[in-house]
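In: predicted model follows, preceded by the sequence.
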Amino acid sequence: MSDQNGNGGNGALPQMNVLAQYVKDLSFENPNAPRSLAPQQESPNISIQVNVNANQIEPNDFEVSLSIEGSAGEGPGLLFQFELNYAGLFRLVNIPQADLHPIVMIECPRLLFPFARQIISDAVRNGGFPPLLLEPIDFVALYRQRVEAQAAPANMA
């Protein structure tokens, strides 16, 4: 008979539970207001950077943070800029060790992203601009880039 409580029995199914989600840091700047709020002739250059980090808190608990920074416009034409660090606490039970890192770095941020996207959209709208709706992020590609970047220095040695 398999362990139905997820206590690590041989037949126990893998489990991923979200224990908490929270804003660790949020910053929105509208440095040129009210000038920046005037109608724009052309669409501003929008720059977005995304980073995922994880820390093991307990043997089965991981804090995963999704850092998203962005801006619209450049230099004296800067309309707005923002930084969001949105995190979640995840409990991962009965996950094979080989699958643990990809799940933490791909699936956990994939669950956090819609909430972070909404927070950014609301902050931009509350700053006086049309809501900024971020495109979905391919966390698999982001993970692969990170793994390749970490492997590159080892290959050069």
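Out: That came through fine. Everything numeric here is computed off the predicted structure, so don't read it as measured data.
In: please count neighbours and contacts with C-alpha atoms only from this point.
Out: Fine.
In: ok, Ile57 touching Glu63?
Out: Yes - using CA atoms under 8 Å, Ile57 is in contact with Glu63, at 6.6 Å.
In: quick one, which of these two is more surrounded?
Out: Glu63 (21 against 12; other CA atoms under 10 Å).
In: which SS class is the residue nearest the centre of the chain?
Out: The structure's the chain has its C-alpha centroid closest to Leu66; by CA atoms, centre = their mean the separation is 2.6 Å. Here Leu66 is strand, with the state taken from DSSP: H, G, I helix; E, B strand; the rest coil.
In: from memory it sits against Asn85, does it?
Out: Yes - the pair Leu66 / Asn85 is scored as a contact, 5.7 Å apart, by CA under 8 Å.
In: now for the helix or strand hosting Asn85, which elements pack on it?
Out: Using DSSP states H and E, Asn85 falls within strand 80-93. If contacts are counted by 3 or more CA pairs under 8 Å, 6 or more residues apart in numbering; DSSP states H and E, strand 80-93 sits against strand 15-29, strand 61-72, helix 108-126.
In: what about 7 Å?
Out: With contacts taken as 3 or more CA pairs under 7 Å, 6 or more residues apart in numbering; DSSP states H and E, strand 80-93 sits against strand 15-29, strand 61-72.
In: what residue ranges in this protein score low on pLDDT?
Out: Within the chain, the stretches with pLDDT under 70 are 1-11, 153-157.
In: same thing but 80
Out: 1-11, 36-42, 152-157 (pLDDT under 80).
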